[in-house]
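>>> This is the structure alone, sequence omitted:
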Ligand code: ADP
Ligand code: MG
């Protein structure tokens, strides 16, 4: 696993932006970690990197927000309020096998629906350090994301 510590929201966004050019349809990125850890902030950067100009807002209440004005469609999901098993009804499978990039916050609520290949990023607030720093740990599942990680963001081995 590889980790990186960033000190500002802008730096978190820059990581998302750096990842975006390497993404292709059907890619799935899971963003996990506490409320306020920076998952949506990262997604804003990723969207900007895809050339999306719309303002990315948290899909907490809508569960899915779709952005179609970039290099690839972006499907941004927040599974926190999904009832057990309703990922199925939502047609997650079609999104995951679809034409765009999928970003899922709170993936533990759709654990049963996940395909074999994805990039999990775990966000941690370093509150004990009394600053705004966040540590992002990148955990690629499958060769596709291992390759992307080796090429895209300069990360430290941990
Ligand atoms: P989440 O989606 O994980 O609940 P958000 O990205 O919505 O988190 O919120 C993160 C909040 O923390 C924002 O208000 C953001 O400005 C603030 N913040 C402070 N420092 C950072 C940082 N280094 N990275 C990301 N967000 C940060
Ligand atoms: Mg969020």
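Received, thanks. Keep in mind that what you see is a predicted model, and the values were worked out from it rather than measured. Numbering: from 1, shown residues only. Ligands and ions are numbered 1, 2, ... in the order given.
>>> alpha carbons only for contacts and neighbour counts from here, please
OK.
>>> Residue 116 is in contact with residue 141, correct?
Yes: with contact defined as C-alpha atoms under 8 Å, residue 141 reaches residue 116; the gap is 6.9 Å.
>>> Of the two, which one has the most company?
For residue 141 versus residue 116, the count of surrounding residues by other C-alpha atoms under 10 Å is larger for residue 141: 14 against 8.
>>> contacting residues for the more buried one?
Residue 141 is in contact with 116, 117, 118, 119, 120, counting by C-alpha atoms under 8 Å, 6 or more residues apart in numbering.
>>> Up against ligand 1, what does this structure have?
By C-alpha under 6 Å from any ligand atom, the residues of the chain that approach ligand 1 are 6-9, 12, 34-41, 132-134.
>>> Out of the residues you listed, give me the one that has the most neighbours.
residue 39 leads the residues of the chain next to ligand 1 on contacts (other C-alpha under 10 Å) with 28 neighbours.
>>> State whether that residue and residue 32 are indeed in contact, as I suppose.
Yes: here residue 39 reaches residue 32: they are 7.2 Å apart, a contact under C-alpha under 8 Å.
>>> Give me the common contacts of the two.
105, 123.
>>> Now residue 6. Its backbone dihedrals?
phi -120, psi 150 (degrees, to the nearest 10).
>>> so where's the protein shaky on pLDDT?
Within the chain, the segments meeting pLDDT under 70 span 84-85, 155-158.
>>> list the contacts for residue 73?
Contact analysis of residue 73 by C-alpha under 8 Å, 6+ apart lists 66, 67, 99, 100, 101.
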